[in-house]
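In: Provide a 3D model corresponding to the input given below.
(4 chains)
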2 protein chains.
Amino acid sequence: MELQEGRQKFIQSWGTLGSHWGINRTMAQIHALLLISNEPLSANDIMEQLNISMGNTNMNIRALIDWGLVFKELKPGERKDFFVAEKDMWEVVKRIITQRKKKELEPMLRVLEDISNVEGNDAKTEEFKKVVKDIQLFSGKADSALDNLVKADSNWFIGTFMSMIK
Amino acid sequence: MELQEGRQKFIQSWGTLGSHWGINRTMAQIHALLLISNEPLSANDIMEQLNISMGNTNMNIRALIDWGLVFKELKPGERKDFFVAEKDMWEVVKRIITQRKKKELEPMLRVLEDISNVEGNDAKTEEFKKVVKDIQLFSGKADSALDNLVKADSNWFIGTFMSMIK
DNA sequence: CTTATCTTTCAATAAATTTTGAAAATTTAG
DNA sequence: CTAAATTTTCAAAATTTATTGAAAGATAAG
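Out: So this is what the prediction gives:
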């Protein structure tokens, strides 16, 4: 396989994978492109290599920076901004977990807290409260587990699971 | 808060949460509705309570069954199919991990394997191979870790993370 | 077999999301 | 300061994804 074909396949697949992880397709493709570029790229480079518009490029780069998956790099003497990808995969995963926890799990926890105060003591209400409490308990644990996971280092995490051999 | 309002909020939030987890909004809402119903519901019940069409109901129920998040239950003497939700949250999470691993991670692993054979030994090719190999290594480990996670029981998992206190 | 009930399919439609590109805003060199 | 380069914004357009509903397909009771 030619390098060019390989690069293209990688960018496509990374885009697809990302789009299932709260990172839209283009955003993930930009990340992929930066991953396989040994030097920082400008917004213009990205735009040309991926055939996307300036506006699209700009918005997705900023989203990536916001997620902590891409960093801005200023080249001395250059006026343009250049960008590099976070290449440590464990770091990438942790950033994604952090963002999604904030945007999804935490709001859900607030709703659960809110609705756990429904009034009434009939059977239907009790059943509802029971289900909510159950989910609340589980979600709270998941939240803490993810906090710890993000603090953990890659080797610990992988090692723990690998050694289970259960 | 009234029970009815609480139920509504729960269904909405679960729908939103689900839509970020590869489960579309309606699919997650159906699961939510079944979670808080103490008795099995028919497709018709679901359709009426969520104000969605028959076709939509049917397709999403089948998707949920496919994911292992909902089960069909036949009531003796009744002609209709009835449905109940998987209520064990750890089980729910495991099913989602299993499905997504199959649909996302595994295809990515195949692509990585495929593109790790690019030809050429110039600097660019070497760099590309290095990045791919790195991701391949990490993804492989993640894959195994998830396999183990799915085999593990809830207490082990939560316990391990909770006790880290790092 | 016939009929009533229930389930499934799928093309058309609607809704949601992403992308574009032109205009506005910002930045920096001179 | 002015002007050129670069970045940002955002309404309109394109694309993707989800939903509808009518028709076809099952299923089982009589």
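In: For A:Phe71, pull up the helix or strand it's in.
Out: Element membership for A:Phe71, per DSSP states H and E: strand A:70-74.
In: next one: A:Val84
Out: A:Val84 belongs to strand A:81-85 when assigned by DSSP H and E.
In: Just to be sure, A:Glu39 is in a helix?
Out: No - under the criterion used here (DSSP: H, G, I helix; E, B strand; the rest coil), A:Glu39 is coil, not part of a helix.
In: Tell me the backbone dihedrals of it, please.
Out: phi -120, psi 160 (degrees, to the nearest 10).
In: wait, what's in contact with it?
Out: Residues counted as contacts of A:Glu39 (CB atoms under 8 Å, 6 or more residues apart in numbering or on different chains): none. (Glycine included, C-beta is placed from N, CA and C.)
In: can you tell me how far it sits from A:Trp67?
Out: From A:Glu39 across to A:Trp67, the span is 22 Å (CB to CB, to the nearest Å).
In: list the buried ones in stretch A:100-112?
Out: For stretch A:100-112, the neighbour count (16 or more other CB atoms under 10 Å in any protein chain shown) marks A:Arg100, A:Lys101, A:Glu104, A:Leu105, A:Met108, A:Leu109, A:Val111, A:Leu112 as buried.
In: Now do the same for the fourth one: its pLDDT.
Out: The predicted local distance difference test score for A:Leu105 is 92.
In: what are the phi and psi angles of the closest residue to it other than its chain neighbours?
Out: With CB to CB, 6 or more residues apart in numbering or on different chains as the criterion, A:Leu105 has its nearest non-adjacent residue at 5.8 Å, and that residue is A:Asp143. Note on A:Asp143: its backbone torsions stand at phi -60, psi -50 [degrees, to the nearest 10].
In: Roughly how far does A:Asp143 sit from B:Ile11?
Out: With distances taken as CB to CB, A:Asp143 is found 21 Å from B:Ile11.
In: Same question for A:Leu74.
Out: Counting by CB to CB, the gap from A:Leu74 to B:Ile11 is 49 Å.
In: If you count surrounding residues, which of these two has more?
Out: B:Ile11 (20 against 11; other CB atoms under 10 Å in any protein chain shown).
In: Is the more buried one in contact with B:Leu35, as I believe?
Out: No - in this structure, B:Ile11 is not within contact of B:Leu35 by CB atoms under 8 Å, at 9.1 Å.
In: what's the closest non-adjacent residue to the residue nearest the centre of chain A?
Out: For chain A, A:Ile96 is the residue whose C-alpha lies nearest the centre (CA atoms, centre = their mean; 2.5 Å). Distance criterion CB to CB, 6+ apart; nearest residue to A:Ile96, sequence neighbours excluded, is A:Trp21 at 5.9 Å.
In: Does that neighbour touch A:Ile97 like I think?
Out: No - the pair A:Trp21 / A:Ile97 is not scored as a contact, 10.0 Å apart, by CB under 8 Å.
In: With neighbour numbers in mind, choose between those two.
Out: A:Trp21 (19 against 16).
In: For A:Ser42, give me its contacts.
Out: Residues near A:Ser42 by CB under 8 Å, 6+ apart: A:Lys80, A:Asp81, A:Phe82, A:Phe83.
In: The same query, at a cut-off of 10 Å, please.
Out: By CB atoms under 10 Å, 6 or more residues apart in numbering or on different chains, the residues touching A:Ser42 are A:Glu48, A:Thr57, A:Lys75, A:Glu78, A:Arg79, A:Lys80, A:Asp81, A:Phe82, A:Phe83.
In: and A:Arg100, how far is that from A:Leu33?
Out: To A:Leu33, A:Arg100 is 23 Å away according to CB to CB.
In: A:Ser13 now?
Out: For A:Ser13, the distance to A:Leu33 equals 13 Å [CB to CB].
In: Can you give me every residue that contacts the residue of chain A most remote from its centre?
Out: What lies farthest from the middle of chain A is A:Asp122; by CA atoms, centre = their mean that is 42.4 Å. Contacts of A:Asp122 were listed using CB under 10 Å, 6+ apart, and they are A:Phe128, B:Leu3.
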